[in-house]
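Enquirer: coords please:
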Amino acid sequence: MYFVRDFDSLSAGLHGGAIAIGNFDGVHRGHARLVRRLVRLASEMGGPAVAFTFDPHPVRLLRPQAAPTPLSWLQRKAEMLASLGVDALVVYPTDPAVLALSPQEFFTRVVKNGFRAKAIVEGPDFHFGCERSGNIELLRRLGAEADVRVEVVEPLQIDGEAVSSSRIRKLIAGGEIEAANRLLTRPYCIRGVVGRGAARGTQLGFPTANLEGVDTLLPREGIYAGLAHIEAGTRPAALSLGPNPTFDDQELKIEAFLVDFDGDLYERPVQVDFLARLRDIVRFEGPEELIAQMDRDVQAVRCLAERARRKTGCPGRSE
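Expert: Numbers count the residues shown, from 1 in each chain. Sure thing, here's the model as predicted:
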């Protein structure tokens with residue numbers, strides 16, 4: 001991953017290949033389809049396959065009230081793109097000067113002179129330049145004039161609808177994790193740092209890690225099955241997103257119980273893959289009833305985690 005402020009001083013190792021410009025939020029299967037074409041075309045051109053993105057998303061500067069909560073952070077985005085064959089993710093810190101460039105200026109400064117690209121790969125709804133005034137037709141014309149090959153990759157359709165970050169965002173916000181994961185190249189993931197909570201989970205026999213500082217979209221409130229990635233490895237995890245009404249606690253929290261883990265995670269980073277939504281958060285009559293349900297939740301988590309590892313069937317889970 002490379003951060004750049006000056007297109008004129010891009011490394012020679014980024015020159016002369018194929019480039020794709022976009023946000024790549026979540027790195028979904030539609031992105032994977034485009035990247036496959038990018039990698040193949042870069043090989044034909046004898047140069048690198050480069051993904052180029054702005055950070056933050058330009059809409060955060062232009063219309064901050066309309067900016068969507070991201071599905072992925074930069075490092076995860078870079079790792080996922082690399083796993084698909086991209087040689088480099090180049091990140092430009094968004095500023096008004098670049099957003100004000102006309103489409104022709106943007107093409108010349110970034111594609112032609114900056115990356116010295118021999119090819120560019122985009123989707124049919126690609127827009128560029130000031131106020132997104134440049135479209136695919138203009139890109140084709142500018143490419144022809146500059147001897148830059150332009151390839152357009154049609155959106156991937158799944159269940160009769162195009163795969164997109166906005167579609168995935170709606171599914172996640174609605175708690176439809178399994179449906180969202182079908183559209184992603186990897187399970188949906190959040191990250192946070194473990195903070196100190198009320199230690200109520202420890203008293204119940206289910207010590208939880210309270211995640212703070214999560215900077216990506218949170219699924220709908222509920223109990224989820226997941227996989228927690230910590231320094232010691234990966235553990236199945238039961239996740240609670242929301243309040244704890246059994247104890248009259250209305251504070252919204254993100255709590256993760258790591259199955260078969262005994263250790264101190266305070267102030268340490270944790271990443272959590274979401275596998276499935278198990279149930280709503282409900283009020284129980286007392287601790288005993290809550291503990292019995294948590295036992296059932298953990299059994300379901302074990303099963304789903306095993307299915308994720310082995311990709312085999314799994315018996316029905318507790319609701």
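Enquirer: For Leu61, give me phi and psi.
Expert: Taking degrees, to the nearest 10, you get phi -90, psi -40 for the backbone angles of Leu61.
Enquirer: Correction: the previous question concerned Leu14.
Expert: phi -100, psi 0.
Enquirer: Could you list which residues are in contact with it?
Expert: Residues in contact with Leu14 (CB atoms under 8 Å, 6 or more residues apart in numbering) are Tyr2, Pro48, Val50, Ala88, Val90, Phe115. For glycine as for every other residue, the C-beta is placed from the backbone atoms N, C-alpha and C.
Enquirer: Ok, Tyr266 next?
Expert: Per CB under 8 Å, 6+ apart, neighbours of Tyr266: Val194, Gly195, Arg196.
Enquirer: before we move on, what SS does it have?
Expert: coil (DSSP: H, G, I helix; E, B strand; the rest coil).
Enquirer: Buried residues of the helix or strand hosting Ile120, list them for me.
Expert: Ile120 belongs to strand 119-122 when assigned by DSSP states H and E. For strand 119-122, the neighbour count (16 or more other CB atoms under 10 Å) marks Ala119, Ile120, Val121, Glu122 as buried.
Enquirer: Would you format the residues you listed as TSV with pLDDT included?
Expert: Shown next, in TSV, are the buried residues of strand 119-122 (pLDDT from 0 to 100):
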residue	pLDDT
Ala119	98
Ile120	98
Val121	98
Glu122	98
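Enquirer: Return the member of these nearest to Ala308.
Expert: When those are compared for distance to Ala308 (CB to CB), Val121 wins out at 31.5 Å.
Enquirer: hang on, that closest one packs against Glu151?
Expert: Yes: using CB atoms under 8 Å, Val121 is in contact with Glu151, at 4.9 Å.
Enquirer: can you give me the mean pLDDT across stretch 81-94?
Expert: If you average the pLDDT over stretch 81-94, you get 96.
Enquirer: no wait, stretch 172-180
Expert: 98.
Enquirer: Contacts made by it with the rest, please.
Expert: With contacts defined as CB under 8 Å, 6+ apart, stretch 172-180 is touched by 71, 168, 171, 188, 217, 219-222, 224, 274-277.
Enquirer: Off-centre distance for it?
Expert: 13 Å (CA atoms, centre = their mean, to the nearest Å).
Enquirer: In a markdown table, list the contacts of Leu14 along with neighbour count and secondary structure.
Expert: As requested, the contacts of Leu14 are exported to a markdown table (neighbours: other CB atoms under 10 Å; DSSP: H, G, I helix; E, B strand; the rest coil):
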| residue | neighbour count | secondary structure |
| --- | --- | --- |
| Tyr2 | 15 | strand |
| Pro48 | 21 | coil |
| Val50 | 26 | strand |
| Ala88 | 20 | strand |
| Val90 | 22 | strand |
| Phe115 | 24 | coil |
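Enquirer: Fine, thanks again, bye for now.
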